[in-house]
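S.K.: Fold the following for me, if possible:
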Amino acid sequence: MFWNYLYIGFKHVVPLGLDHILFIISLFFFNSKLKTAVIQCTIFTLAHSFTLALVSLNYITFNPKIIEVLIAVSIFIVSFENVFQPTMRLWRLIIIFVFGLLHGMGFANALKEVGLPKNEFVISLLGFNLGVEFAQILLILLCFLIFGQLFQRKDWYHSKMVIPISIFISTIALFWSIQRILN
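M.R.: Next up is the predicted model:
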């Protein structure tokens, strides 16, 4: 059961979770140092693990449509901030934590569709969450190897890579936000 949910969690991000993929890429492009990306991702993980558990245990209920809009807005904010704020500030980490809480609700909604077996609830929930984490780690490592390792020390890196990629992600997220509001 653990391995099944590990796979489901991983698959929920890669390849099925384009919104989550863009959020993690946005975290990476804020500052392409591996340490900074890992710190942001860890805070995000703590938050979404918390709400994933609370929602899965039925301690929290929410309107999935509102959460989906807010997830799109969170991607827009994080990626758009990459354009203007290249240094880590405490409020960035607080924002990531809050957005992690929202994304955890989104994960819980996806997990509810799959269902959690009552007799192996904890192990299945743990497997799903670890699958999500492995996918996030893979995304950060790929971004680091493709972009950070090769280009982050170049003078043009921020202006020619970070800004265009972040604006592209922001545009997609803004489109999703409007689309999800209208649906």
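S.K.: what about Lys65, how many neighbours?
M.R.: Lys65 has 11 neighbours, counted by other CB atoms under 10 Å. Glycine gets a C-beta too; all of them are placed from N, C-alpha and C.
S.K.: what's the answer for the one 4 residues further on, then?
M.R.: Look at Val69: counted by other CB under 10 Å, it has 20 neighbours.
S.K.: Can you tell me the element it falls in?
M.R.: For Val69, the enclosing helix or strand under DSSP states H and E is helix 64-84.
S.K.: which residues sit against whichever helix or strand comes after that helix?
M.R.: Using DSSP H and E, the helix or strand that follows helix 64-84 towards the C-terminus is helix 90-114. Helix 90-114 is touched from outside by 8, 12, 19-20, 23, 27, 30, 39-40, 43-52, 54-56, 60, 62, 64, 67-68, 70-71, 74, 77-78, 81, 85, 125, 128-129, 132, with contacts defined as CB atoms under 8 Å, 6 or more residues apart in numbering.
S.K.: Give me the PyMOL select line for the residues you listed, limited to the buried ones.
M.R.: Command for PyMOL that selects the buried part of these, burial taken from 16 or more other CB atoms under 10 Å:
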select buried, resi 8+12+19+20+23+27+30+39+40+43+44+45+47+48+49+51+52+54+55+56+67+68+70+71+74+78+81+125+128+129+132
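S.K.: ok so, going back, quick one, the helix holding Val69 and helix 90-114 angle?
M.R.: 150 degrees (axes from the mean of the first three to the mean of the last three CA atoms, to 10 degrees).
S.K.: what packs against helix 64-84?
M.R.: Applying 3 or more CB pairs under 8 Å, 6 or more residues apart in numbering; DSSP states H and E, one finds that helix 64-84 contacts helix 18-30, helix 90-114, helix 163-182.
S.K.: got the angle between the first one and helix 90-114?
M.R.: If I follow you right, that is helix 18-30. Using the same axes, to 10 degrees: helix 18-30 against helix 90-114 is 160 degrees.
S.K.: Show me what helix 18-30 is packed against.
M.R.: helix 2-13, helix 34-56, helix 64-84, helix 90-114, helix 121-143, helix 163-182.
S.K.: could I get those helices as a markdown table with distance to Gln149 and mean pLDDT?
M.R.: Converted to a markdown table, the helices and strands packed on helix 18-30 look like this (distance: least, CB to CB, whole Å; pLDDT from 0 to 100):
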| stretch | distance to Gln149 | mean pLDDT |
| --- | --- | --- |
| helix 2-13 | 22 | 93 |
| helix 34-56 | 9 | 90 |
| helix 64-84 | 18 | 95 |
| helix 90-114 | 23 | 90 |
| helix 121-143 | 10 | 92 |
| helix 163-182 | 16 | 97 |
